[in-house]
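S.K.: here is the input, now give the coordinates:
(one chain, ligands or ions: 1)
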Amino acid sequence: MILHKFKNSADLDRAAADLIISMVRAKPNAVLGMATGGTPVGLYQEIVKTYKAGLVSFASAKTFNLDEYVGLPVTHQESYRNFMQRNLFDHIDIKRENTHVPDGNATDVDAECRNYDRMMFEQGPVDLQLLGIGGNGHIGFNEPDTQLSRGTYKVTLKQETREANKRFFNHIDEVPTHAVTMGMGTIMQAKAILLVVKGAEKAAILDATLNGPITTLVPASLLQTHPRVIVMTDCDVDYKV
Ligand code: GLP
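M.R.: Prediction:
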């Protein structure tokens, strides 16, 4: 893993956006893996600025999002489809049919998960997967456990994850209890991964991700086994050799 440290979040956003933009400039039909949460909002804004300046086009690009809440109407402000439209897709020239977010309201969720993996297999692999990290080390919504899922699946969210995400809702009771997420195997198939970690409160989990044992109890630690991971952070964390 390559670690890039930044003095502030604005510089980090610009660098992360530039990496994604360079990928799309080099390969206009790139397949991008997208993430949600508070972390990528600023870098998506930087991408939009560059698009509006006429310096990049997403007309041939495709995207696959990591995850989606189960049971939240797609029109809900906090559905991940809605998040992506608001923060990125509505402001760039990507074609709607080229953007993919798992359907958390599918009547047959297992079939939806299989279908998502099949689409990714047929249209992939993902060239560059953007990731944030949960305070407990989850990536996508792959929660710490004694074993992790290979493919896309329906996950029960941990209470700490629902607590962390309640800031986006009026009340904890409104935070969905389940989500559909790419599995660890799905994520690890990406050719390259950009992990963005912001805020001093994430320093400990980033340290465990970079320097700790590879364990399903810290799902992000599995990234140590991926050949091409770039970590961008404003945390004061180093590799320990
Ligand atoms: C979310 C998402 C993750 C995200 C993480 C951290 O719930 N499923 O993809 O990386 O939790 O979110 P944030 O960036 O808001 O801290």
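S.K.: for this protein, longest helix please?
M.R.: helix 9-26 (DSSP state H).
S.K.: what helices and strands are in contact with it?
M.R.: Here helix 9-26 touches strand 31-34, helix 41-52, strand 128-131, strand 192-197, strand 229-233, going by 3 or more Cβ pairs under 8 Å, 6 or more residues apart in numbering; DSSP states H and E. All C-beta spots, glycine's among them, are computed from the backbone N, C-alpha and C.
S.K.: of those, which is nearest the ligand?
M.R.: Of all the helices and strands packed on helix 9-26, strand 128-131 sits nearest to the ligand, with 6.4 Å by Cβ to the nearest ligand atom.
S.K.: list the contacts for the residue nearest to residue 58 when sequence neighbours are not counted?
M.R.: Of all residues not flanking residue 58 in the chain, residue 94 sits nearest, at 4.1 Å (Cβ to Cβ, 6 or more residues apart in numbering). Contacts for residue 94 (Cβ atoms under 8 Å, 6 or more residues apart in numbering) come out as 58, 59, 61, 63, 88.
S.K.: and if you look at residue 54?
M.R.: Contacts of residue 54 (Cβ under 8 Å, 6+ apart): none.
S.K.: can you give me the helices for this structure?
M.R.: 9-26, 41-52, 80-87, 109-123, 159-165, 184-188, 203-211.
S.K.: wait, which of these is closest to residue 225?
M.R.: Closest approach to residue 225 among those (Cβ to Cβ): helix 184-188, 7.6 Å.
S.K.: and the contacts of the longest helix of the chain?
M.R.: 4, 6, 30, 32, 40, 42-47, 50, 55-58, 61, 127-128, 130, 194, 196, 198, 230, 232-234.
S.K.: in that helix, what counts as buried?
M.R.: Using 16 or more other Cβ atoms under 10 Å as the test for burial, helix 9-26 gives 9, 12, 13, 14, 15, 16, 17, 19, 20, 21, 23, 24.
S.K.: those residues also near the ligand: which ones?
M.R.: Near the ligand, judged by Cβ under 6 Å from any ligand atom, there are no entries from these.
S.K.: what does this structure put close to the ligand?
M.R.: So the chain meets the ligand at 35-39, 66-67, 132-134, 140-141, 165 (Cβ under 6 Å from any ligand atom).
S.K.: let's have these in a markdown table, adding pLDDT.
M.R.: Below are these laid out as a markdown table (pLDDT from 0 to 100):
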| residue | pLDDT |
| --- | --- |
| 35 | 98 |
| 36 | 98 |
| 37 | 96 |
| 38 | 96 |
| 39 | 98 |
| 66 | 98 |
| 67 | 98 |
| 132 | 98 |
| 133 | 98 |
| 134 | 97 |
| 140 | 98 |
| 141 | 98 |
| 165 | 94 |
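S.K.: ok, so of those, who is nearest residue 157?
M.R.: Distances from residue 157 to the residues of the chain next to the ligand, taken by Cβ to Cβ, are shortest for residue 141, at 6.6 Å.
S.K.: for the closest residue to that closest one other than its chain neighbours, give me the pLDDT.
M.R.: Nearest residue to residue 141, sequence neighbours excluded (Cβ to Cβ, 6+ apart): residue 181, at 3.8 Å. Residue 181 is assigned a pLDDT of 98 by the prediction.
S.K.: which residues touch residue 181?
M.R.: Contacts of residue 181 by Cβ under 8 Å, 6+ apart are 66, 67, 102, 140, 141, 142, 152, 153, 155.
S.K.: residues touching the fourth one, list them.
M.R.: Residues touching residue 140, when contacts are defined by Cβ under 8 Å, 6+ apart, comprise 35, 66, 67, 131, 181, 182, 183, 187.
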